[in-house]
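Visitor: Pasting the sequence and the predicted coordinates here, then a few questions.
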Amino acid sequence: MPEDFPSPKHRPGPFGPAQALIPESQKLVTISDSQLVWEALELMSDQGYSQLPVLDDLNHLCGIFSYESFAQRSFELRGASNKVVDLPVRECLSNRYRLIPPDTFIDTEGENWSERDFVLVGTREKLIGILTLTDVWAVLNDFAECFVLLFEIETELREFIAEVIPDEHLPNALACLKSAPNERPVGSLDDMTFAQYNELINNQKVWPHFKEIIGSHKGLLSVDLTEVANIRNEIFHFRKRAGNADADRLRRFRDNKIRYYREIQNRKRN
């Protein structure tokens, strides 16, 4: 994040702020309006870009050069003797772009992504990045994947607890959970918060139900549950941007812990 842009006041969420959605690996590439068209085309081909922001002699944004703007200008000058590729980039500029401030939440700006492939993020004096439709979908996909994994983890945790603790013992087990003065006691597994799964399994009176399955891994499970709970709170409240590392961590906990323990429990039953 550039130093001359303050950190956004809003916490990052699926739709912003825009500067938080720009891929961390992105290196903004621009071109001067005095450079030649063939140089711009060569740069775009080498980098795999569809467009380049164009800066004037003050390093201020003055337009976009794209394959579309190049084709349009080539058509307009089809009868001229000059080759378009030998013209300065300023001759092929397009003004068909959207520039949004860094702290913009794109879902509040009426942005129609079905009609737009990208937006520029920053100001004319200080451009900080390009946000493409692919970037937006990648962010939404990361959040969606983590939300689904967290839902599956919580569902399977409840099912695991229900499989291990007999129905007749469950009310007494739930009664061991602490409740705030203004909160009603937990009456069912569906009433539990994520942190209470850890509290329940580690409760001295409840632990004997889980001891044979979890055994000496009790401490490790507690650490894992705490870490997953932290990831859950950060993602559910959009305190951080979901990423592949979060999804991988949640997936490993689901598969290597909860599903593994459930498999052991099923073997015992059979």
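Guide: That came through, no problem.

Visitor: Quick one: distance of the host helix or strand of His209 to the chain centre.
Guide: In the assignment (DSSP states H and E), His209 maps to helix 207-214. From the chain centre to the centre of helix 207-214 is a distance of 36 Å (CA atoms, centre = their mean, to the nearest Å).

Visitor: Begin at 29, not 1, for the rest of this chat.
Guide: With 29 as the first residue, the last one maps to helix 235-242.

Visitor: relative to helix 235-242, how tilted is the helix or strand following it?
Guide: Following helix 235-242 in sequence order, the next helix or strand is helix 246-264 (DSSP H and E). Per axes from the mean of the first three to the mean of the last three CA atoms, to 10 degrees, the angle that helix 246-264 makes with helix 235-242 is 90 degrees.

Visitor: contacts for the helix or strand following helix 246-264?
Guide: Next along the chain after helix 246-264, taking DSSP H and E as the criterion, comes helix 272-281. By CB atoms under 8 Å, 6 or more residues apart in numbering, the residues outside helix 272-281 that reach it are Asp170, Glu173, Cys174, Leu177, Leu178, Ile181, Asp252, Glu255, Val256, Ile259, Ile263. Any C-beta I mention is one placed from the backbone N, CA and C, and that applies to glycine too.

Visitor: Would you mind confirming that the third one makes contact with Lys268?
Guide: If I follow you right, that is Cys174. No - between Cys174 and Lys268 there is no contact under CB atoms under 8 Å: 10.3 Å.

Visitor: So those two - more neighbours on which side?
Guide: A count of neighbours by other CB atoms under 10 Å puts Cys174 above the other of Cys174 and Lys268, at 23 against 14.

Visitor: quick one: contacts for the spatially closest residue to the more buried one that is not a sequence neighbour?
Guide: Spatial nearest neighbour of Cys174, chain neighbours left out: Ala270 (4.4 Å); criterion: CB to CB, 6 or more residues apart in numbering. With contact set as CB under 8 Å, 6+ apart, Ala270 has these partners: Val167, Asp170, Phe171, Glu173, Cys174, Ile263.

Visitor: Next one: the last one relative to Leu185, how far apart?
Guide: Going back to what we said before, that points to Ile263. 17 Å (CB to CB, to the nearest Å).

Visitor: what's the most distant pair in the contacts of helix 272-281?
Guide: Asp170 and Asp252 (21.1 Å; CB to CB).

Visitor: And the residue nearest to Cys174, its phi and psi?
Guide: phi -60, psi 150 (degrees, to the nearest 10).
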